[in-house]
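Peer 1: 3D, please:
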Amino acid sequence: MQRKSRLVLIAAILGFIFLYAPMVSLVIFSFNKSKLVTVWGGFSTKWYGELFQNAQILNAAGLSLRIAVISASLALVIGTIAAFVLVRFGRFRGRNLLTGMITSPLVMPDVIIGLSLLLMFVAMQNLIGWPNRGMTTIIIAHATFGAAYVAVVVQSRLRDMDLSVEEAAADLGAGAVRVFFDITLPIISPALISGWLLSFTLSMDDLVITSFVSGPGSSTLPMVIFSKVRLGVSPDINALATIIILIVSVGVIGAALAMRKKDMPHG
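Peer 2: Residues are numbered from 1 along each chain as shown. Now for the predicted structure:
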């Protein structure tokens, strides 16, 4: 039994090393004085200064943040409505079609989604003159696949929800709108937050679909990073990746502490 536990521990350690060693090396080399990212030339923070003076990266980061916030919010509304329809409306004509339309972005290759959206946007622009490829088309594309993830997350919460709480509120005279905002919304709020954060993260990370539907002057942060990496990894990209890792780590630790505090018994 001890030998089995030791093997499991060794496998876990090797797995963590495999996952996090590249990130650790990236953080270390972001402080490399040398321009050659594979040769250590001494400790320096100059690449962080170079990063914050790089207008292309800063503009791309700002554009990605705006797109992610707007598309995640749209995906939250669309995905939540779809989840309510699928869970609360029972069997209705077209239910299977709606389910397939909602879940298809989860299994469809990004290349197919990007190409189909591109063809649709080009056809719409030829017919009605809208939309022009740029920030608008990227938001529509990201909201499309983000809504699928929100719908799945919210559906699971709605299915597990105790309907007797809503029925009790209705028996006490609360209308449907008040029941939704006072009872249903607070109960499913963790799922809504999770769905929004998931859509936000996917939007910030997306490269393939964005490359299809973007236009001139609408390069997002992943597109800029990819174009720079194709010419060779530059130290300022290491600095940018380190800042992103720091922000994500702080967010994860903060969420873990908040959940731990919430689960602690109140005395």
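Peer 1: Show me where the stretch 101-250 of the chain dips below the pLDDT cut-off.
Peer 2: For the stretch 101-250 of the chain, the stretches flagged by pLDDT under 70 are 231-233.
Peer 1: For the stretch 151-267 of the chain, which segments count as helices?
Peer 2: Assigned by DSSP state H, counting those that start in this stretch, the helices in the stretch 151-267 of the chain fall at 163-171, 176-179, 185-205, 208-213, 221-230, 235-263.
Peer 1: and the first one, what other elements does it pack with?
Peer 2: Translated: helix 163-171. helix 176-179 (3 or more C-beta pairs under 8 Å, 6 or more residues apart in numbering; DSSP states H and E). All C-beta spots, glycine's among them, are computed from the backbone N, C-alpha and C.
Peer 1: so what's I225 closest to, chain neighbours aside?
Peer 2: Using C-beta to C-beta, 6 or more residues apart in numbering and skipping residues adjacent in sequence, the residue nearest I225 is I237, 6.1 Å away.
Peer 1: residue contacts, that neighbour?
Peer 2: Neighbouring residues of I237 by C-beta atoms under 8 Å, 6 or more residues apart in numbering: I225, K228, V229.
Peer 1: How many residues are close by the first one?
Peer 2: Close neighbours of I225, defined as other C-beta atoms under 10 Å, add up to 21.
Peer 1: and which of the contacts of I237 is nearest D206?
Peer 2: I225 (12.3 Å; C-beta to C-beta).
Peer 1: What distance do you get for the closest one to S71?
Peer 2: Distance, I225 to S71, using C-beta to C-beta, to the nearest Å: 19 Å.
Peer 1: Also N126?
Peer 2: N126 sits 24 Å away from S71, going by C-beta to C-beta.
Peer 1: out of those two, which sits in the busier spot?
Peer 2: Neighbour comparison, N126 and S71: the larger count goes to S71, with 26 against 8 (by other C-beta under 10 Å).
Peer 1: Name the nearest residue to that one, sequence neighbours excluded.
Peer 2: S71's closest residue in space is H142 (C-beta to C-beta, 6+ apart), at 3.6 Å.
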